[in-house]
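Novice: Coordinates for the following, if possible.
(one chain, ligands or ions: 1)
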Amino acid sequence: MVDLYALARPLLFRIDPERAHALTIRAMRQGVFPKCAVLTNSALAQTLWGLKFPNPVGLAAGFDKNAEVLAAAFGLGFGFVEAGTVTPRPQPGNDKPRVFRDPGTQAIINRMGFPGTGATVFKANLEKFLAGKRRPPGVVGINIGMNKGQSEPSKDYAYLIRMLAPMADYLTINISSPNTPGLRDLQARAPLLELLSVITEERRKACGAHPPALFLKLAPDLDAEKQEELAACALESGIDGLILGNTTLDRPETLPESFRAEKGGLSGQPLTEKSTQIIHNFYALTKGKIPIIGVGGVSSGAQAYAKIKAGASLVQLYTALVFKGPSVANSINEELVALLKEDGFDHISQAIGKAHGA
Ligand SMILES: Cc1cc2nc3c(=O)[nH]c(=O)nc-3n(C[C@H](O)[C@H](O)[C@H](O)COP(=O)(O)O)c2cc1C
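Specialist: Okay, here's the model as predicted:
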């Protein structure tokens with residue numbers, strides 16, 4: 001089969017990354033994006049938090065910020081899609097240019113700052129998707145964050161939960177994007193536990209007996225002490241899952257000079273090992289009691305498998321979709337099936353956390 005993306009990529013890479021993304025979203029909305037067959041394999045399907053995941057590869061937050069292309073994203077073979085980050089009010093985000101890619105290292109630096117249509121339009125888009133006659137199999141997550149300048153973050157999170165929680169399979173509390181001033185400060189015991197108690201209460205009020213699962217998305221840039229502190233908070237607060245992690249502020253030496261000088265969060269291949277290590281650490285710190293979604297530089301089955309063995313039950317990606325194209329989820333799933341077989345496992349659940357010993 002002709003790899004259409006390989007033909008389109010040189011053209012897309014000649015234009016500004018954010019413009020290329022907008023064109024991609026438009027193509028997906030209009031249904032002209034290539035569709036892959038969803039890989040379904042009994043070795044990869046899991047039920048977690050009562051949700052059925054047809055495969056463990058998800059689309060990470062930030063790609064479909066306004067919940068505009070959920071159906072098309074499932075059409076690319078993802079087992080779950082996380083829309084957002086959505087903020088209560090629309091906002092423009094930081095000044096452009098604010099997204100930079102480096103094909104040499106297969107990395108992106110972004111300092112978008114949550115541009116988006118706001119919760120009202122997001123909700124209308126999501127309602128349209130959910131009302132669709134043929135909702136594809138797969139799980140829908142909503143990633144929520146605060147507007148820039150909000151001095152009382154819990155107000156924004158509570159508002160978003162009241163408005164959107166009943167429509168979500170799971171909710172992600174994003175406190176780890178590096179481009180909203182003050183957001184990462186919530187990654188500390190006192191403010192986090194306070195925020196999570198407001199959030200769990202709002203979720204109970206909004207959803208009653210059937211609340212969506214609640215995940216916390218953390219930065220990969222946490223020192224050992226912080227990791228210990230936050231793992232304890234996660235266990236204490238009763239959240240359902242951890243997403244590890246967001247983009248990094250690190251600038252490895254291997255990045256070209258002009259690229260590494262850009263401010264913002266780095267994603268893609270240079271993040272792979274760092275995020276796998278943090279998954280490994282949190283799995284150990286939480287004794288495997290909180291399922292982990294591993295994200296950061298996943299581009300191949302082997303990279304996904306390393307995160308699963310480190311303790312991730314599921315993985316997500318964003319940057320690899322830019323560099324590898326629309327078939328990336330399916331190739332990773334195919335490679336995972338082969339890797340499980342090689343290790344003598346019948347099901348993915350047997351491999352989760354295996355790097356920690358029996
Ligand atoms: C352009 C861009 C925008 C992003 N926007 C968000 C966002 O709005 N919310 C969020 O939680 N993560 C966001 N992310 C982070 C990704 O969800 C993911 O955690 C990170 O990129 C690491 O995964 P990757 O290496 O597969 O891209 C964004 C990433 C990129 C590249």
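Novice: Could you pull out the strands in this structure for me?
Specialist: 46-48, 51-53, 57-59, 80-86, 99-102, 107-110, 139-144, 170-174, 213-218, 241-244, 265-268, 292-295, 312-317 (DSSP state E).
Novice: can you redo those strands as JSON lines with mean pLDDT, distance to V328 and mean neighbour count?
Specialist: Glycine gets a C-beta too; all of them are placed from N, C-alpha and C. What follows is the strands of the chain, written out as JSON lines (pLDDT from 0 to 100; distance: least, CB to CB, whole Å; neighbours: other CB atoms under 10 Å):
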{"stretch": "strand 46-48", "mean pLDDT": "97", "distance to V328": "20", "mean neighbour count": "15"}
{"stretch": "strand 51-53", "mean pLDDT": "96", "distance to V328": "17", "mean neighbour count": "17"}
{"stretch": "strand 57-59", "mean pLDDT": "98", "distance to V328": "8", "mean neighbour count": "27"}
{"stretch": "strand 80-86", "mean pLDDT": "97", "distance to V328": "14", "mean neighbour count": "28"}
{"stretch": "strand 99-102", "mean pLDDT": "96", "distance to V328": "15", "mean neighbour count": "20"}
{"stretch": "strand 107-110", "mean pLDDT": "97", "distance to V328": "14", "mean neighbour count": "25"}
{"stretch": "strand 139-144", "mean pLDDT": "97", "distance to V328": "18", "mean neighbour count": "25"}
{"stretch": "strand 170-174", "mean pLDDT": "95", "distance to V328": "21", "mean neighbour count": "26"}
{"stretch": "strand 213-218", "mean pLDDT": "96", "distance to V328": "21", "mean neighbour count": "24"}
{"stretch": "strand 241-244", "mean pLDDT": "98", "distance to V328": "19", "mean neighbour count": "26"}
{"stretch": "strand 265-268", "mean pLDDT": "98", "distance to V328": "12", "mean neighbour count": "26"}
{"stretch": "strand 292-295", "mean pLDDT": "98", "distance to V328": "14", "mean neighbour count": "29"}
{"stretch": "strand 312-317", "mean pLDDT": "98", "distance to V328": "7", "mean neighbour count": "27"}
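Novice: Indicate which one of those strands is closest to R251.
Specialist: Closest approach to R251 among the strands of the chain (CB to CB): strand 265-268, 6.8 Å.
Novice: Briefly note if the closest one comes near the ligand.
Specialist: Yes - applying CB under 6 Å from any ligand atom, one finds strand 265-268 touching the ligand at 267-268.
Novice: circling back: just so I know, which of the strands of the chain lies nearest R14?
Specialist: strand 99-102 (11.6 Å).
Novice: that older thread, quick one: which of the strands of the chain is nearest R184?
Specialist: strand 213-218 (9.3 Å).
Novice: Just the CA atoms of the closest one, as CSV, please.
Specialist: In CSV, the C-alpha atoms belonging to strand 213-218 read as follows (Å, rounded to 0.1, in the frame of the first residue of the first chain):
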residue,chain,number,x,y,z
ALA,A,213,-12.8,7.7,36.6
LEU,A,214,-10.5,10.5,37.8
PHE,A,215,-6.9,10.7,36.7
LEU,A,216,-4.1,13.1,37.6
LYS,A,217,-1.6,14.1,35.0
LEU,A,218,1.9,14.9,36.4
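Novice: Where do the helices of the stretch 251-358 of the chain begin and end?
Specialist: 257-260, 272-285, 301-310, 319-324, 328-342 (DSSP state H, counting those that start in this stretch).
Novice: Strand 312-317 and the third one, what's the angle between them?
Specialist: Orientation note: helix 301-310 sits at an angle of 140 degrees relative to strand 312-317 (axes from the mean of the first three to the mean of the last three CA atoms, to 10 degrees).
Novice: can you check the second one too?
Specialist: Using the same axes, to 10 degrees, the direction of helix 272-285 lies 150 degrees away from that of strand 312-317.
Novice: now helix 272-285: how far from the chain's centre is it?
Specialist: When distances are taken as CA atoms, centre = their mean, to the nearest Å, helix 272-285 is centred 16 Å away from the chain's centroid.
Novice: tell me which residues of that helix are tucked away?
Specialist: 272, 274-276, 278-285 (16 or more other CB atoms under 10 Å).
Novice: which among these are in contact with the ligand?
Specialist: Within the buried residues of helix 272-285, nothing lies near the ligand by CB under 6 Å from any ligand atom.
Novice: Closest one of the residues you listed to N246?
Specialist: S275 (9.1 Å).
Novice: Low-confidence regions, the chain specifically.
Specialist: 1-2, 33-39, 358 (pLDDT under 70).
Novice: contacting residues around I239?
Specialist: Residues counted as contacts of I239 (CB atoms under 8 Å, 6 or more residues apart in numbering) are 196, 214-216, 290.
Novice: give me phi/psi at it?
Specialist: phi -60, psi 160 (degrees, to the nearest 10).
Novice: By proximity to the ligand, which residue of the stretch 51-200 of the chain wins?
Specialist: G62 (2.2 Å; CB to the nearest ligand atom).
Novice: I'd guessed that residue sits against Q316; true?
Specialist: No - between G62 and Q316 no contact is recorded; they are 10.2 Å apart, counting by CB atoms under 8 Å.
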